Each structure stands twice: as structure tokens, then as C-alpha cells.
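J.: Quick one, fold the following:
(2 chains)
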Amino acid sequence: MILNSRERAICAIEHKEPDRVPLEGTAWAEWSYPFLLKLLSDLGLGGGGSGGMLGSGEELELLARKLGTDFRAVSMDPPVEFRRKAVYDPNYHQPWGIQVARDILEDEWGIRRQLNAARIQSRVVYHPLQGKDSLEGYDFPDPDAEGRFEAAENLLKKWREEYLVSSIWGGDSFFCQAWYLRGFTQTILDMHSNSRLMNELLDHLLKIFLKAANRFAEMGVDILAIADDVAAQTGLIISPQLWRKHIKPRMKTIIDSVKKRGVYVLYHTDGNCEPIIADLVEIGVDILNPIQPECMDPARIKEQYGDKLTLSGTISIQDTLPRGTVDDVKREVKTRIRTCGQGGGLIISPSNQVLLDTKVENFLAIYDAVRESGQYPLRA
Amino acid sequence: MTTDFAKEIKEVMTALETEKVIDRVQRALRLGVGPTDVLDALRGGVQEVGRKYEEGEYFISDLVIAGETMKKALEILKPLLKTKEVKEPIGIVLGSAYGDLHDIGKEIVKSLLLSAGLEVYDLGVDVSPGKFVEESQKTYARLIGISALLSTTTPAAADVTRELSARAVRERVKVILGGAAVRDWMVEKFGVDGAVDDAMKGVRLIQSWLG
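T.: Predicted coordinates:
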């Protein structure tokens, strides 16, 4: 029996076998904008010229249809008033920002990011709370401001019958947002010393994130995506002790709230987050993304947590996609389906941003391979 | 007395108890323990933190805390060390590869190398190959550390080694490439002396070169 995308995705997340392994890549997957433009152009789908925006633009929707992805995403936008003053450039980590200098945008939190010389990546160059002794005088963004959810509501209505729709509050979560505001080293030191300022900051973030999460749940999204890069290649950036003390309970508050409305929860972190996977399962995370195979063995994650956790991503963006052949990519996809696809609980996509060193045919091979070999019941 | 203080300083550093480290350093100095002995004890603690990191007991945040604690302790020790005999520090030019803006890994390596007593010339991010080479010549640094998180930016290391060869100074400088997407085969392909995917591995390799 052929299922539609929505049915297929629900089946997989509920740990039942759908008609085939669901495909992602155009909802919560991260994009390198230059690669996206190259892909769109090669596929004859435009290439950024029509003013479309990542995540809601018609070009991305065309790509989603071309790839046959089963998920869509809506997000919390900056308020109308901010967008009036701002420019939109998807080469920045936060694409909406006020131009404060050449190649520097300031987002609605006051965080400034600068593009690199090639103008395809950005980094934080100004942390508005760096060096401050208190939060006095700092205005946090208002999640109730006008214009944040209109686009999300419209897109949700359009997509919800056919696809499983995820939502994100328009940025990163506790650890990342704290260090964008305060500075990386200072955030770790603040957490280590359990400073009052850090606790107040994280509580402010919780208020904003919780409001946005509840709003998404009320409007009927299927998945809440919480993105927080707490891990690097070989292990956690923030120790499990600090994570459990400062972040886990706050995440749990959000998860408990949206789960009352039947929303699935997806957690994204780059890198190797194995030491906290049991915690993530405990507080109700349903989907873990992107499970970079160079950092964590997806088969082992499946073996240990596969009855509770759906694996999302899993295809190598550091080795196979940039350096392998089409056959190598297809082989990896087939291995993943064989080792992680039993009983559902697997969603395939690249395991992070695909960069310009990947050939378009390698990227497309992921999707071809799932269509060729991802049918249930799986062949031995 | 020196041994007791050294042992305690090493212990509180290993336990990442920043305030206690500073307190014990000050007390040790007040009681006449030599600054080089205090420094050795601190370094012993940082080494222990590194070992725990390699064994999976500690994490990147713990390396950061150890590095920052060491910085604070060095602020107290440095004025005293200057008057004593201190070996000329070995220099390393550090930076993120051309096209790469990620600097968390670089900052951690920097902090650990400073703790180990190296002089670090930090060029920041998005550093051109020529700049790495010019800085190494200007500072007489014997080491160049290139940080590259992305698969697309790792080849910049080959440009650095080529530039060193073009200026006929390749033999004078050891080059290490570090970052998430860095693989062993890059040693040969990019002509570097070492390639590591983890900050601590990089620090260990550099220390092994220095003997």
C-alpha cells in the first residue's frame, strides 16, 4: 500500500514500518546557501533569482517536490517592524538583520554576524551581553510581536494534509543562543560557576522559547524542532553535568508542554552527543538529528535507543558526499537502511550542511537510493 | 612544603576548582614556594585535565575552564617568572583556514598551548596562506597551526605548505592541521606534518614534536 508523506512519516516516528523509509532534506535540514543555489540551478529550478526565501520560498518547495521529501517546516519570523528595517541574506546564519556595516548584519537579539571574505559563511562578531554584570537594559525579543507566525500559519494550512510539518522558533536553543549573546568562553564559565546572570538569561530564553513552542502546538504543527549544537566531532562541547544542570530541565519544561498537545519533538545537535542521548529520550525527544556517522555510529544508536528514538539524517557529509562516488553514496544509504531501518524509526537525509565540494549527483544519489532500496519490508 | 602545595595545586586544578586554584597559588607564593614550582604544578593539573578529556571523563567545556583558570593563575605568576630564568618560549602561529570562520576549536587549542608554555600568535579566522607564512617568519615561530572545521576549507593547508616551500622555509616550520573534517590522509595530500580531528590530540602531537 502506498502511503502519502504524512502517513509515511507518522508511521516511521511511531516505530512502525511504512511503505518506504521517509526522506528529509528540505524541512529541518541545514543548508549551505551556495550549494542550494548550485543544486537549484542544476535541476533547472531557479537558483535564487526569484527572491525566494529558505524554508518558505517557492524554490525550496519545488526542490522538496523534486526530491520527494516527506516533511515541511515552518518557523517563527522576526516581527514585521524588524523586517521593515532589515535585509534578508541567507548566507548569514540568521538571514534577517539590520545592516550595521559592510558584510555585518545585526539580528533582532542585537547579535552581529560578519560574512567571511568569500561571503558564504558568517560568524558572531558582537555578543550584546559580553562583559555585562546584569541583564538590566537589555531588551529581549517579544515572541508576541506582530507578524511572527502569520507565514507559519498559512504554510501549515497548505501542507498539513499531505506532509508532516515541523516548526522551529527561528534560531538556536539554550546553549547556542546564550553564547551568541554572552560569548562562548564566558557562557561556559558562567555555567560552571552557576552565576545568577546565566540562570536569569536561561530563564528569559525559556520564557521566549516556551511561548513560541506553545503557539506552534496550538496552531497544530506536528513536530517541534529544538536545535542546539552542544557537541563537536568527538564529544560534547558542554559537559553532561553542565547540560543536565542548566539545559535539560528547561528543555523538559518545553517538551512537557507541547507533548500535552501530541507534538513530536526533534532535537538537533551536530557532532557526538552520545553521553546525553539517554537523557534526551528520558525527557521525551522523539527524533534525533543529524547523527553524523563520522561522529556517532548510527547502527549503535539504533541498537541502544531504536525502540524509542527515530534517527534522522545519518548520511556522511564529511567523507562520502564530498569525496565518494554515486555508488559509494548509494552503498552508504543501503547500509543505513539495513542497519537502522528495521521497524521504522529512520528518516534519511544528509547529516548536516552539504557544501560546495559535493557533486550534485552525489547529493541526488541519496534520494535515488532510498527510492530504490528503502521499500518495506526491507530485503535482507 | 613545596611538594604538598604542588600536590594540592595539581589536585584543585584537576578538579577544575578555579577559586581554590587561585587561592592555593597565592598562598604557595606567600609561603615562599618558587613560581616555577607553582607553574609546574599547574601544568601538571592541566595535563591531568587533558588526560581525563582523552579518556572521555572530561569534555570541551572542562578544557575551556582549565585553560581560563590557567590564564588567571599566569597573571599572578608572570611578573614573578620574568625575573627568574625562564626558557625562551616556543612560538606557534595559529589561525582558522582561509574561508573558515569557526574558532571554538582554535580557541581551545590556543588556551591549552598557552598553558603548556608556548607563545601563541593568533591570527584569528579566515586567514590567508600568505599571512600564516609571513607571521611565522616575522615571529620566528617554529610551528603553524591551521584550524579547519569544514571539508571545503581543509585544502587551504596545502596552500600554506606550498607557500612555505616557495619561500624555501618549509623545513624550518612544522605545520599541523586540525578540525572536525580533518583526516589522516591529509598529511600526505596537503603536505602537512600532522592532521588531527580533536584539540587535545593536536596539543599532544605538538608536545611530542617539542620533546
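J.: What is the three-state secondary structure of residue A:26?
T.: Classification of residue A:26 by DSSP: H, G, I helix; E, B strand; the rest coil places it in coil.
J.: Quick check: closest non-adjacent residue to the closest residue to chain B within the stretch 51-200 of chain A.
T.: Closest approach between the stretch 51-200 of chain A and chain B, counting by Cβ to the nearest Cβ: residue A:123, at 3.8 Å. To be clear about C-beta, it is placed using only N, CA and C from the backbone, and glycine gets the same treatment. The spatial neighbour of residue A:123 that comes closest, neighbours along the chain excluded (Cβ to Cβ, 6 or more residues apart in numbering or on different chains), is residue B:101 at 3.8 Å.
J.: is it true that that neighbour touches residue B:127?
T.: No - assessed by Cβ atoms under 8 Å, residue B:101 is found out of contact with residue B:127, at 10.6 Å.
J.: where does the stretch 1-150 of chain A come near chain B, residue by residue?
T.: A:116-118, A:120-123 (Cβ under 8 Å from any Cβ of the partner chain).
J.: Any chance of these in CSV with pLDDT and secondary structure as columns?
T.: Conversion of the residues of the stretch 1-150 of chain A next to chain B to CSV gives the following (pLDDT from 0 to 100; DSSP: H, G, I helix; E, B strand; the rest coil):
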residue, pLDDT, secondary structure
A:116, 87, coil
A:117, 82, coil
A:118, 81, coil
A:120, 83, coil
A:121, 86, coil
A:122, 92, strand
A:123, 92, strand
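J.: now these: which count as buried?
T.: Neighbour counting over those (16 or more other Cβ atoms under 10 Å in any protein chain shown) leaves A:116, A:118, A:120-123 as the buried ones.
J.: Residue A:371: which element?
T.: Using DSSP states H and E, residue A:371 sits in helix A:360-373.
J.: Against which helices or strands is that helix packed?
T.: On a contact count with 3 or more Cβ pairs under 8 Å, 6 or more residues apart in numbering or on different chains; DSSP states H and E, helix A:360-373 meets helix A:33-42, helix A:320-323, helix A:326-340, strand A:346-350.
J.: Touching it from outside, list them.
T.: For helix A:360-373, the surrounding residues in contact (Cβ atoms under 8 Å, 6 or more residues apart in numbering or on different chains) are A:20-21, A:23, A:25, A:35, A:38-39, A:42-43, A:67-68, A:315, A:320-322, A:324-326, A:329-330, A:333-334, A:337, A:348-350, A:354, A:379.
J.: Could you find the closest non-adjacent residue to residue B:45?
T.: The spatial neighbour of residue B:45 that comes closest, neighbours along the chain excluded (Cβ to Cβ, 6+ apart), is residue B:13 at 2.5 Å.
J.: what's the answer for residue A:342, then?
T.: By the measure of Cβ to Cβ, 6+ apart, the closest residue to residue A:342 outside its immediate chain neighbours is residue A:378, 6.6 Å from it.
J.: Which phi and psi values does the one you found adopt?
T.: phi -70, psi 140 (degrees, to the nearest 10).
J.: same question, residue B:76
T.: Per-residue torsions, residue B:76: phi -80, psi -40 (degrees, to the nearest 10).
J.: For it, grab the count of nearby residues.
T.: Neighbours of residue B:76 under the rule other Cβ atoms under 10 Å in any protein chain shown: 15.
J.: show me what contacts the spatially most central residue of chain B?
T.: Nearest residue to the geometric centre of chain B (Cα atoms, centre = their mean): residue B:113, 1.7 Å. Residue B:113 makes contact with B:92, B:94, B:120, B:145, B:203, B:206, according to Cβ under 8 Å, 6+ apart.
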